[in-house]
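Pasting a predicted model and its sequence here:
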Amino acid sequence: MSNPNIVNVTQIYGQTNYLTPANTSTLVLIANTSGSGNVFKVNQIVAANTSNAAANATVLLYNSGAVTSGNLVVTSSSNAFAVASNISVPAYASLIVVDKTTATYLLEDRAFIVQSGTNSAITFSVSYEQLSS
C-alpha cells in the first residue's frame, strides 16, 4: 500500500461525486483502491435531505477494505469507523459531515461508505482533491 509524499505532488485533480441511495443499503461514496498511487484529500461531505420528512444519514470510513468498481467487500466489520452515525437530517435540510476544517486524507484501500435511513431521501456529495506524485 502506497502513501505518496504529498510534498512532491505532480498532479492535483479536483473531483466531486454525488450519490442518492435508492434503498437503505450501504454504498460506496468514494474509494481509493489499492495500488492507485494516490491520496485523496477529502474537503467536504454533505448529506442533503430532498424529502418532506426527516431522514437519517450515516457516513462510515472503511479502513483496509477491498473496494472494486463501486462494490465494497469488507473482510471484517471492525474495519468500519463512524464519521456520522444515524443522524437525523430534517426535511429539505443539509448536514455537513466533513468540511475544510475537518478535512481528512483517504489513503489507498480505504473508502467512505454512506447509508440513508429512507429510500431516495438523502443525496450525499463529496468534494476532494486527488493527489499523486
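That came through, no problem. Just so we're clear, the structure is a prediction, and the values are computed from it rather than from any experiment. Numbering: from 1, shown residues only.

burial count for residue 39?
Residue 39 has 22 neighbours, counted by other C-beta atoms under 10 Å. Any C-beta I mention is one placed from the backbone N, CA and C, and that applies to glycine too.

And it, how far from residue 63?
Residue 39 sits 14 Å away from residue 63, taking C-beta to C-beta, to the nearest Å as the criterion.

same thing with residue 133?
Computed as C-beta to C-beta, the residue 133 to residue 63 distance reads 22 Å.

go on, residue 32?
Distance, residue 32 to residue 63, by C-beta to C-beta: 11 Å.

Who has more neighbours out of these two?
Between residue 32 and residue 63, counting by other C-beta under 10 Å, residue 32 is the more crowded of the two (21 against 15).

Could you list the low-pLDDT ranges of this structure?
1-2, 64-78 (pLDDT under 70).

what do you get if the cut-off is 80, keeping everything else the same?
Counting by pLDDT under 80, the ranges of the chain that qualify are 1-6, 64-79, 133.

In it, mark out all the strands, start to finish.
Using DSSP state E, the strands of the chain run over 11-19, 27-32, 38-49, 55-63, 66-68, 71-73, 80-89, 94-98, 104-106, 110-116, 122-132.
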